[in-house]
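Enquirer: What follows is a predicted protein model with its sequence.
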Amino acid sequence: MLTFAIGDVHGCLDLLVDLLGQIEREAAGGPRRVVLLGDLIDRGPDSAGVIRLVRSRQAEDPDSLICLKGNHEDLLLRAARTEATAALWLANGGAETLASFGAAGPEGIPADVVAWIASCPTVYEDAWRCFVHAGLNPAVGRSEQTDADRLWIRDVFLRSDHDFGRYVVHGHTPVRSGSPDVRPTRVNIDTGACFGGPLTAAVFREGAPSPAGFLQARARLG
């Protein structure tokens, strides 16, 4: 079994299609699982297309594709519930998401899309790794983490080398060099796809917590 974790897509459909094709070639017909670390939406040009593709792949084989919720999905869900947070979401890439759906406001996002986003978990674990969007709070154990920690945490997690008992695979904070940030207890695979960087997938093999390698899709120039 190969496990592939994909960082923050942010509406970059072309990069996701490219990366999923690379994953299929890498798996070479063998068993594989794909974990998307959240932030499928906002900032990039085609959040609607990204969600359509991911939902279609998940419907074909639910056990082979896990999609986590990110803080941008959290912002959308909050905006759908109350106007008070709609401005914050729109200023952080929500406007591009609305345009991709042809919607004038959060209420124009199809109800089934909102329900699917709400159903996405904030964590996935296997025997060796813990997959989350943003990270974990080093002050408490894995079982005590809140959704807010998993979706939004940043500095206190990034400054820590805490061992959570699983290797932590996360995104959320763009690595502007374009290369994943590999640490002894964690790896950050948000390489800033929506800012012109690559979209990255980490490749994991059974029995080895840290990545065996990486795949990347880059925007074509010209």
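Expert: Sure, I can see it.
Enquirer: and the next element down the chain from the least confident helix or strand in the chain by mean pLDDT?
Expert: Ranking every helix and strand in the chain by mean pLDDT, DSSP states H and E puts helix 86-89 at the bottom, with a mean of 92. Later in the chain than helix 86-89, the nearest helix or strand by DSSP states H and E is helix 95-101.
Enquirer: For that next one, give the mean pLDDT please.
Expert: Across helix 95-101, pLDDT averages out at 97.
Enquirer: Residues touching it, excluding its own?
Expert: 11, 41-49, 76, 90, 104-106, 108-110, 113 (C-beta atoms under 8 Å, 6 or more residues apart in numbering). Just so you know, the C-beta spots here come from the backbone N, C-alpha and C atoms, and that holds for glycine as well.
Enquirer: List of residues touching the least confident helix or strand of the chain?
Expert: Under C-beta under 8 Å, 6+ apart, the answer for helix 86-89 is 42, 72, 75-76, 78-79, 94, 105-106.
Enquirer: Which one of the residues you listed is nearest to residue 123?
Expert: Closest approach to residue 123 among the contacts of helix 86-89 (C-beta to C-beta): residue 72, at 16.8 Å.
Enquirer: What is the host helix or strand of the closest one packed up against?
Expert: Residue 72 is located in helix 71-81, with elements delineated by DSSP H and E. On a contact count with 3 or more C-beta pairs under 8 Å, 6 or more residues apart in numbering; DSSP states H and E, helix 71-81 meets helix 86-89, helix 111-119, helix 147-152.
Enquirer: Thought residue 175 was touching residue 190, still the case?
Expert: Yes. The pair residue 190 / residue 175 is scored as a contact, 6.4 Å apart, by C-beta atoms under 8 Å.
Enquirer: Between those two, which has more neighbouring residues?
Expert: residue 190 (27 against 17; other C-beta atoms under 10 Å).
Enquirer: How about the secondary structure of the more buried one?
Expert: Three-state assignment for residue 190 (DSSP: H, G, I helix; E, B strand; the rest coil): coil.
Enquirer: OK, contacts around the nearest residue to it once chain neighbours are set aside?
Expert: Excluding its sequence neighbours, the residue lying closest to residue 190 (C-beta to C-beta, 6 or more residues apart in numbering) is residue 171, at 3.5 Å. If you count contacts by C-beta under 8 Å, 6+ apart, residue 171 has them with 7-8, 37-39, 70, 133-134, 188-190.
Enquirer: which regions of the chain sit below the pLDDT cut-off?
Expert: Flagging of the chain using pLDDT under 70 yields the residue ranges 221-222.
Enquirer: Which positions within the biggest strand by length in it qualify as buried?
Expert: Longest strand in the chain by number of residues, with DSSP state E as the criterion: strand 199-205. Neighbour counts over strand 199-205 (16 or more other C-beta atoms under 10 Å) mark 199-204 as buried.
Enquirer: Contacts for that strand, please.
Expert: Residues beyond strand 199-205 that count as contacts (C-beta under 8 Å, 6+ apart) turn out to be 2-7, 9, 12, 15-16, 18-19, 22-23, 26, 34, 128-129, 169, 180, 187, 189-191, 193, 210-218.
Enquirer: Please apply the same query to stretch 144-157.
Expert: Applying C-beta under 8 Å, 6+ apart, the external contacts of stretch 144-157 come out as 38, 69-71, 74, 122-123, 132-139, 172-173.
Enquirer: same thing but 10 Å
Expert: 38-39, 68-75, 121-123, 130-140, 162, 164, 168, 170, 172-173, 186, 188 (C-beta atoms under 10 Å, 6 or more residues apart in numbering).
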